[in-house]
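>>> coordinates only, no sequence provided:
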Ligand code: ATP
């Protein structure tokens, strides 16, 4: 319905047995917004990403366009445009770059798929040069780019990008930054971005939440968080 946020999360709690990974998180993501979840190792970022994509049981509320994620279920969420790009990338190593990309568009017709392929190649020219290379022989950064490209092939309405910059060299990081900027300029989508790289997240997100130990300790715009003493001292090197 109109006015309904794309994602609305309230008092979200997730546990793995005795380990409580999220302890009551509130996050709302509006149409066309990039919302960042930042925090150190073990803060709960991946747990949040996996939960909103429908991979984990939870308590509290997590609604995608008004419908409870747990009721919609993971595979219907994909059908409805919730595309998850994991930290671990999940590429098909013995398939080529192009085959991996095409698989990302399995929901779509051939024509739409080819159009989309052109869009992704245009966004990440590095993938064009390597279109016939097996995914497993790509560098870590190139694989990350491929994983994002494949997610984009699915024409996401909500892209869940889990730690896209982890372990990336600055050059590739720059390519991915530019890619995100171009998507938002040309064909904006809604993104949940989890990141340990606070600077990267501040550069791209409209609003951010800092998670520590499963709790939201700060929330605000990039300007607000850049000006926050605690964030500056603990996450931006003072
Ligand atoms: P990182 O940046 O290191 O990936 P993160 O912020 O993504 O960290 P999570 O992966 O969400 O953090 O983990 C949050 C907490 O939940 C951690 O204490 C972690 O050890 C725990 N945890 C995550 N997955 C499991 C699991 N399958 N079983 C038990 N505990 C888990």
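On my side now, so go ahead. The structure presented is a predicted model; accordingly, all values stated were derived computationally and were not measured.

>>> got phi/psi on residue 31?
phi -50, psi 130 (degrees, to the nearest 10).

>>> could you do residue 28 as well?
The phi and psi values for residue 28, taken as degrees, to the nearest 10, are phi -120, psi 130.

>>> count the neighbours of it for me.
As a burial measure, residue 28 scores 14 neighbours (other C-beta atoms under 10 Å). Quick note: C-beta positions are derived from backbone N, CA and C, even for glycine.

>>> now residue 108
Residues near residue 108, counting by other C-beta under 10 Å, number 16.

>>> report the separation between it and residue 155.
7 Å (C-beta to C-beta, to the nearest Å).

>>> output the contacting helices and strands for the helix or strand residue 203 falls within.
Counting by DSSP states H and E, the element that carries residue 203 is helix 198-204. Secondary-structure packing of helix 198-204 (3 or more C-beta pairs under 8 Å, 6 or more residues apart in numbering; DSSP states H and E): strand 34-38, helix 170-186, strand 190-195, helix 222-226.

>>> who's in contact with the last one?
In this case it means helix 222-226. With C-beta atoms under 8 Å, 6 or more residues apart in numbering as the contact definition, helix 222-226 has outside contacts at 202-203, 205-206, 208, 210, 218, 231-232, 236.

>>> most neighbours among those, which one?
For the contacts of helix 222-226, the largest number of neighbours (other C-beta under 10 Å) sits with residue 208, at 27 neighbours.

>>> so what's that one up against?
Here residue 208 is in contact with 35-38, 201-202, 218-222, 225 (C-beta under 8 Å, 6+ apart).

>>> nearest residue to residue 57 other than its sequence neighbours?
Spatially, and ignoring its direct neighbours in sequence, residue 57 is nearest to residue 70 (7.0 Å; C-beta to C-beta, 6 or more residues apart in numbering).

>>> what's in contact with stretch 9-18?
Contacts of stretch 9-18 (C-beta under 8 Å, 6+ apart): 20-28, 44, 47-48, 51-52, 56-63.

>>> so which of these also contact the ligand?
21, 44, 47 (C-beta under 6 Å from any ligand atom).

>>> tell me which of these fall in strands.
Counting by DSSP state E, those place residue 21 in strands.

>>> got TSV for the ones next to the ligand among the contacts of stretch 9-18, with pLDDT too?
TSV is the format used below for those (pLDDT from 0 to 100):
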residue	pLDDT
21	98
44	97
47	97
